[in-house]
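**Student:** everything below, folded, please.
(one chain, ligands or ions: 1)
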Amino acid sequence: MDEVTVKKYYDDYVIGCYRKEDFVFVKGRGPWLWDINDKKYLDFFPGWAVSGLGHCPERVVKAVSSQARKLMHVANNYYIDVQALCARRLIEISFDGKVFFCNSGAEANEAAIKLSRLYGAKTSRYKIISMKNSFHGRTLATVTMTGQEKYSAPFKPLPEGFAYAEFNNISSLKDCVDEKTIAVIIEPIQGEGGINVASKEYLKQVREFCDEKDILLIFDEVQTGMGRTGNYFAFQHYGVQPDIMTLAKTLGGGFPIGAMVARKGLCDLLVPGTHASTFGGNPLACSAAIAVIETIQQEKLLENVRNLSGWFIDQLKNLQGRFSVIKEIRGIGFMLGMELAVNGASFVNRCRSNGLLLNCTHDTVIRIMPPLGISKTLLEKGLKIIEKSLEEEFSQ
Ligand SMILES: Cc1ncc(COP(=O)(O)O)c(C=O)c1O
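**Tutor:** Presented below is the predicted three-dimensional model:
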């Protein structure tokens with residue numbers, strides 16, 4: 001299909017939920033994407049954090065192709081060998097508990113909401129506190145839990161039982177909690193909200209407070225998880241373990257999968273009839289997730305992020321010293337934000353036309369999330385494009 005036909009079919013047949021950039025990408029490999037005209041782009045925001053291992057990671061491609069020839073789908077009322085192995089691998093790298101599989105981040109958070117409510121049933125508690133500026137998904141419950149009214153306002157009436165505290169502010173959380181509160185959900189680093197990093201002290205205080213009040217602590221690691229910060233999960237930087245953790249995005253290396261991990265003593269509240277997903281834990285998805293974990297281990301991707309992140313942040317801070325339009329560089333590992341003093345859309349467009357793909361969130365924050373295995377040489381190449389684009393956009 002040529003570019004004009006693709007766009008025409010979109011106009012005619014695809015519901016326009018997404019603001020479209022003017023690109024048709026047809027091929028990807030590692031940190032590179034090719035458009036329909038065979039122009040090559042360096043991708044520092046691969047698949048909105050889904051393609052954390054880069055595009056078409058070799059082990060994932062092999063695992064999915066070989067699984068597809070064996071068994072593509074079997075229902076969850078049977079035992080599924082790769083699902084069992086995938087759960088074991090996830091528990092090995094996270095914490096003692098069990099896994100519920102689904103297909104997306106929103107579904108993982110829905111599962112967390114339902115499990116919290118089951119936990120609260122004995123004491124008639126149901127309310128969940130989320131953070132202002134958070135993002136937890138687009139289903140009716142998760143969009144309500146998302147602490148940004150612009151996403152939920154058009155869909156009123158919204159489900160009951162959600163309240164919003166200031167991020168990184170323990171007093172605000174304490175003020176929100178009442179006798180009906182059963183859980184608190186936090187992204188350790190807010191992604192869509194503008195790469196806002198929770199402080200260590202704050203998460204420790206939240207954990208203590210939740211323990212004191214018998215309130216569940218949920219970490220939404222849909223964006224921060226699977227190596228993005230240089231640990232498998234962001235909570236491992238903080239020494240604060242959640243009761244429930246939700247995952248998706250990089251977990252499947254490009255294949256759709258979501259998961260909720262719940263700690264021992266809590267996970268078994270979900271029994272037959274309480275929750276389900278037809279596709280959840282599908283053999284193809286689980287074979288992809290196992291391959292993602294093996295790739296992270298065998299290619300030493302956590303080490304790569306840790307080795308290069310400090311240097312990369314320093315280079316971005318050097319640019320901040322030269323360009324007053326950069327207000328702040330923040331983040332952990334390869335989950336980085338460059339906050340501008342102006343709206344970032346035009347800068348992102350400039351980078352794109354110079355061959356680098358980035359994202360702007362929260363109007364002014366440029367999200368920089370290169371694939372975990374990227375080389376220093378390619379980070380340098382990306383930095384050169386950022387520098388050139390800053391010069392073109394912001395030098396008089
Ligand atoms: C932190 C976080 N949670 C949940 C979601 C929703 O995930 P999905 O789009 O897979 O439903 C996202 C998506 O961007 C996210 O960043």
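**Student:** and the chain, which of its residues are near the ligand?
**Tutor:** 104-106, 109, 135-137, 187, 191-192, 220, 222-223, 248 (C-beta under 6 Å from any ligand atom). Yep, even glycine has a C-beta here, placed from its N, CA and C like the rest.
**Student:** how about the contacts made by the residue in the stretch 251-396 of the chain that the ligand sits nearest to?
**Tutor:** Each residue of the stretch 251-396 of the chain has a distance to the ligand, by C-beta to the nearest ligand atom, and the smallest belongs to residue 258, at 6.3 Å. Contact analysis of residue 258 by C-beta atoms under 8 Å, 6 or more residues apart in numbering lists 101-108, 222, 246-248, 251, 280.
**Student:** that one and residue 241: what is the separation?
**Tutor:** Separation of residue 258 from residue 241 (C-beta to C-beta, to the nearest Å) stands at 20 Å.
**Student:** okay if I get the residues of the chain next to the ligand as CSV plus neighbour count, pLDDT and secondary structure?
**Tutor:** Formatted as CSV, the entries for these read as follows, by neighbours: other C-beta atoms under 10 Å; pLDDT from 0 to 100; DSSP: H, G, I helix; E, B strand; the rest coil:
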residue, neighbour count, pLDDT, secondary structure
104, 21, 98, coil
105, 27, 98, helix
106, 24, 98, helix
109, 30, 98, helix
135, 26, 98, coil
136, 32, 98, coil
137, 24, 98, coil
187, 28, 98, coil
191, 27, 97, coil
192, 20, 96, coil
220, 32, 98, strand
222, 27, 98, coil
223, 29, 98, coil
248, 28, 98, coil
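**Student:** show me the two of the residues you listed that sit farthest apart.
**Tutor:** Maximum pairwise distance among those (C-beta to C-beta): 15.7 Å, between 104 and 187.
**Student:** across the sheet, point out what pairs with residue 339.
**Tutor:** When bridges are assigned using DSSP bridges, the partners listed for residue 339 are residue 328, residue 365.
**Student:** next up, the contacts around it.
**Tutor:** 194, 195, 326, 327, 328, 329, 330, 364, 365, 366.
**Student:** repeat for residue 280
**Tutor:** 76, 100, 101, 102, 103, 107, 258.
**Student:** before we move on, the earlier item: relative to residue 23, how far out is the residue of the stretch 251-396 of the chain closest to the ligand?
**Tutor:** 27 Å.
**Student:** could you do residue 310 as well?
**Tutor:** If you go by C-beta to C-beta, the gap between residue 310 and residue 23 works out to 32 Å.
**Student:** ok, now residue 195?
**Tutor:** Following C-beta to C-beta, the distance that separates residue 195 from residue 23 is 24 Å.
**Student:** who's more crowded, these two?
**Tutor:** residue 195 (26 against 15; other C-beta atoms under 10 Å).
**Student:** what distance separates the strand or helix carrying residue 314 from the centre of its chain?
**Tutor:** Assigned by DSSP states H and E, residue 314 falls within helix 301-322. Centroid separation between helix 301-322 and its chain, computed with C-alpha atoms, centre = their mean, to the nearest Å, is 20 Å.
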